[in-house]
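**Student:** Give me the fold of what follows.
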Amino acid sequence: MENNSYDQFYQKSIAPQKFSGYPTPRVSDFPQSATSKNPNFTSNLIVSVILIVLGSLCGIVALILTFVANSYWKQGNFEAYQKASKAVRISLMIGWILEGLFAIVLTVGGLVLGYQAITSGY
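**Tutor:** Numbering: from 1, shown residues only. Here you go, the predicted structure:
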């Protein structure tokens, strides 16, 4: 019985809006104003700063590209924004991969040195 009432509700309220002969608008169909906030700016900025603090040069590149992407967003140049945003994501991924490899090398090196110190008798 509940399923039948839902079907009636759907046909009366949702279906006419969805199938009224007009395509469903997407968010990308509407122009963004120059005052609207860049959706990735804050998170990219924070992650870039964290990478810089960890000593990664990719963090500096990502920080600069984040500001470039934000300026494209404010200008309304969304194609250039998407390209710059993709470059930011790639730079951040490379930075985290390098930081992870660096952490693994330090961990393994520390374990090897520690083992050698313990077994050498000093």
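**Student:** three-state assignment of the residue nearest to residue 54 when sequence neighbours are not counted?
**Tutor:** Excluding its sequence neighbours, the residue lying closest to residue 54 (C-beta to C-beta, 6 or more residues apart in numbering) is residue 99, at 5.5 Å. Yep, even glycine has a C-beta here, placed from its N, CA and C like the rest. Assigned by DSSP: H, G, I helix; E, B strand; the rest coil, the conformation of residue 99 is helix.
**Student:** what about the helix or strand hosting residue 52, average pLDDT?
**Tutor:** Assessed by DSSP states H and E, residue 52 sits inside helix 41-53. Helix 41-53 shows a mean pLDDT of 90.
**Student:** Now for residue 38: which residues touch it?
**Tutor:** For residue 38, the contact set (C-beta atoms under 8 Å, 6 or more residues apart in numbering) comprises 69-70, 73-74, 81.
**Student:** Do a quick rundown of the helices in the chain.
**Tutor:** For the chain, helices defined by DSSP state H occupy the ranges 2-9, 15-18, 41-53, 57-75, 78-120.
**Student:** now the longest one and helix 57-75, what's the angle there?
**Tutor:** Right, the one you point to is helix 78-120. 160 degrees (axes from the mean of the first three to the mean of the last three C-alpha atoms, to 10 degrees).
**Student:** mean confidence score for helix 78-120?
**Tutor:** Averaged across helix 78-120, pLDDT comes to 91.
**Student:** So which elements touch that helix?
**Tutor:** For helix 78-120, the packing partners by 3 or more C-beta pairs under 8 Å, 6 or more residues apart in numbering; DSSP states H and E come out as helix 41-53, helix 57-75.
**Student:** just the ones you listed: most buried one?
**Tutor:** Of these, the one with the most neighbours on average (mean count of other C-beta atoms under 10 Å) is helix 57-75, at a mean of 19.
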